[in-house]
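Asker: mind folding the following:
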Amino acid sequence: MDTDSHGFNAKSMLRFETLLLVVLVIECLIFTRTGTNFAMQGNALEIVKFSVEIGLLALVMTPVILTGGIDLSVGSLLGLCAVLFGKFWRDAEMAWPLAAALTLGIGALAGGLNALLITRLRLPPLIVTLGTFSLFRGLAEAITRGVDNFTNFPADFLAWGQGYFGGVVPAQVPIFLVAATIVWLLVHRTTFGRSFRAIGFAPEGARYAGLPVERRVTLAYVLSGIFAALAALIYAARVGQAKADAGTGYELLAITAVVLGGTSIFGGVGTVHGTLLGVTTLAVLKNGLQLSDQPSELAGILTGALLLTVLAGEAAVKKISARRVQFAKLPP
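Answerer: Predicted coordinates for the structure are as follows:
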């Protein structure tokens, strides 16, 4: 990839991901010494198990941000979908596979609502998804009246969040691996991925080039809704209950993981494997601090510090690149 309008290229992305990998290795070395049983194989699998929901949201947030958009509604949509799944299963007396399929469909419709407002009315993604952030959470609270809690799900449903394959691998891990493969192929091995980047660089330029910008953006947000619904099902299976406050704050963690992984918040630049590194870095940080008996608030402080450092580094790279371009244009 040549240098783009945001001052990044393939080599700078590789350096960025390498730096994040170094940070991850340092985390592991520190927590191996300070955290009880941190280096055990079982703990590594538990880290994956408890980060699947955030990971799913971060995975699908990557193409959304690549287009220059944002989706603040995914955490609230996760809560709404979890509540609706419980409502379908308990009150409508649906079999849980049918309730799950209907929940995924509602996730797609919710993502389509975001896309409709963004592409047809040309409203800013930040404002649209901030509105649906409140809408979806409000609907979840209205359905449950703020107190209803759906529990006692069937054992075969709970197995998808609490069971293990071969007694070792958490049941939701294969789901996450399949989802990660699908998104990676979409972003890195199809024309969709290239069009996501083109739209992020210059939406009007992409339209002039003949790209179906509205359809591509719609795809990104519909996938975001579907993945939020899938994360809701895994969440409900893992914790064994569905409440209106499920997924609170998840959207911020997902965005942090994506940006931490090197995806430019301005759009056009980023990789799915970078996002996976970002998710892993955050998950290891939280798990390691817990096993080291550190205050839970410290995870938030360090996560914020990491994110600010990344954003400052991105801004510095852009400035340096811009100055190099200006210097190159100077007459000899």
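Asker: please report phi then psi for Phe150.
Answerer: The phi/psi pair for Phe150 (degrees, to the nearest 10) reads phi -90, psi 120.
Asker: quick one: mean pLDDT over the host helix or strand of Ile26.
Answerer: If you go by DSSP states H and E, Ile26 is part of helix 10-34. In this model, helix 10-34 has a mean pLDDT of 80.
Asker: give me the helices and strands touching it, please.
Answerer: Here helix 10-34 touches helix 272-291, helix 297-329, going by 3 or more CB pairs under 8 Å, 6 or more residues apart in numbering; DSSP states H and E. For the C-beta atoms, the positions are set from N, CA and C on the backbone; glycine is no exception.
Asker: repeat the analysis, applying 10 Å as the threshold.
Answerer: helix 250-260, helix 272-291, helix 297-329 (3 or more CB pairs under 10 Å, 6 or more residues apart in numbering; DSSP states H and E).
Asker: rebuild those as a markdown table, extending it with mean neighbour count and mean pLDDT.
Answerer: Below are the helices and strands packed on helix 10-34 laid out as a markdown table (neighbours: other CB atoms under 10 Å; pLDDT from 0 to 100):
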| stretch | mean neighbour count | mean pLDDT |
| --- | --- | --- |
| helix 250-260 | 25 | 93 |
| helix 272-291 | 22 | 92 |
| helix 297-329 | 13 | 74 |
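Asker: how close does the nearest residue to Thr256 once chain neighbours are set aside sit to Thr218?
Answerer: Among residues not flanking Thr256 along the chain, Leu307 sits closest, at 5.2 Å (CB to CB, 6 or more residues apart in numbering). Distance from Leu307 to Thr218, counting by CB to CB, to the nearest Å: 29 Å.
Asker: OK, contacts around Gln294?
Answerer: 31, 34-35, 288, 302 (CB atoms under 10 Å, 6 or more residues apart in numbering).
Asker: right, I mislabeled it, should have said Glu141
Answerer: 76, 79-80, 83, 147-148, 243-245.
Asker: what do you get if the cut-off is 7 Å, keeping everything else the same?
Answerer: Ala244 (CB atoms under 7 Å, 6 or more residues apart in numbering).
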